[in-house]
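1. sequence unavailable; structure follows:
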């Protein structure tokens, strides 16, 4: 069965610091997809990125970057020069392909609460 | 709006009452998911619809939980004879496709409190 672990329960940083959120996953599937979502206090989960298991290139989007390492089953998320608006709960999630039969059920980690202080 | 809409935003009920939670997905989205999020935890899958067909209800915790999507758009999650352990945020998500690679778009959730 698939599993996602976010070992950091809470992280607190001061504005402009860089911060990395860790995500480790377990799956027996050879094809799978990894996601990061942001959950601000309003409660809505906001999609940030999707990565498939065959693409290990790192990705950068503005202040956000993602490091996918299949060898260590990790998909870490870094925020550069953090801002107060980055304060939220961040979730890593996994969706297995199951030979093309999967419809996309997500397995989430427990989330990391990020607080950025001014 | 263009996003997933859930109502009510908050629901308080006494133990033993029945409740109904509504989800209005993004127009045209084939896939609809319900998740339950306990305080301080990640969301956990409850059930999945492809159009009007409920293809997976393996995550529903008991037979007190029932979901429907009769016309393939709006969905309702019903909980009968509520219990305190049902207190959680119930999240609805939709996606335009049917595969495991499709990002899901979430609503704000319904926060259910059982007294």
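-> Looks like it arrived, so ask away. Computed from a predicted structure; not experimentally measured.

2. from residue A:100, how far out is the residue of chain B found nearest chain A?
-> Among all residues of chain B, residue B:42 sits closest to chain A, at 3.3 Å; criterion: C-beta to the nearest C-beta. For every residue, glycine as well, the C-beta is placed using N, CA and C. Separation of residue B:42 from residue A:100 (C-beta to C-beta, to the nearest Å): 26 Å.

3. before we move on, back to that, these two touch, right, the residue of chain B closest to chain A and residue A:110?
-> Yes: in terms of C-beta atoms under 8 Å, residue B:42 counts as a neighbour of residue A:110; the distance is 5.1 Å.

4. tell me the confidence at residue A:97?
-> Reading off the confidence values, residue A:97 has pLDDT 78.

5. check contacts around it.
-> Taking C-beta atoms under 8 Å, 6 or more residues apart in numbering or on different chains as the contact definition, residue A:97 lies against A:29, A:31, A:32, A:33, B:99, B:100, B:101.

6. save those residues as JSON lines, and put in neighbour count too.
-> Compiled in JSON lines, the contacts of residue A:97 are given as follows (neighbours: other C-beta atoms under 10 Å in any protein chain shown):
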{"residue": "A:29", "neighbour count": "16"}
{"residue": "A:31", "neighbour count": "16"}
{"residue": "A:32", "neighbour count": "22"}
{"residue": "A:33", "neighbour count": "23"}
{"residue": "B:99", "neighbour count": "15"}
{"residue": "B:100", "neighbour count": "22"}
{"residue": "B:101", "neighbour count": "17"}
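
7. least confident pick among the residues you listed?
-> Per-residue confidence across these is lowest for residue B:100, with 68 (pLDDT).

8. residues near the nearest residue to residue A:5 once chain neighbours are set aside, how many?
-> The shortest distance from residue A:5 to any non-neighbouring residue, by C-beta to C-beta, 6 or more residues apart in numbering or on different chains, is to residue A:24 (4.7 Å). By the criterion of other C-beta atoms under 10 Å in any protein chain shown, residue A:24 has 17 neighbours.

9. picking up where we left off before, neighbour count for residue B:42 and residue A:100, which is higher?
-> More crowded of residue B:42 and residue A:100, by other C-beta under 10 Å: residue B:42, with 22 against 8.

10. can you classify that one by secondary structure?
-> Under the three-state scheme (DSSP: H, G, I helix; E, B strand; the rest coil), residue B:42 adopts coil.

11. count of residues packed around the closest residue to chain B within chain A?
-> Sorted by distance to chain B under C-beta to the nearest C-beta, the residues of chain A start with residue A:108, at 3.3 Å. Each residue near residue A:108 was counted by other C-beta under 10 Å, and the total is 21.
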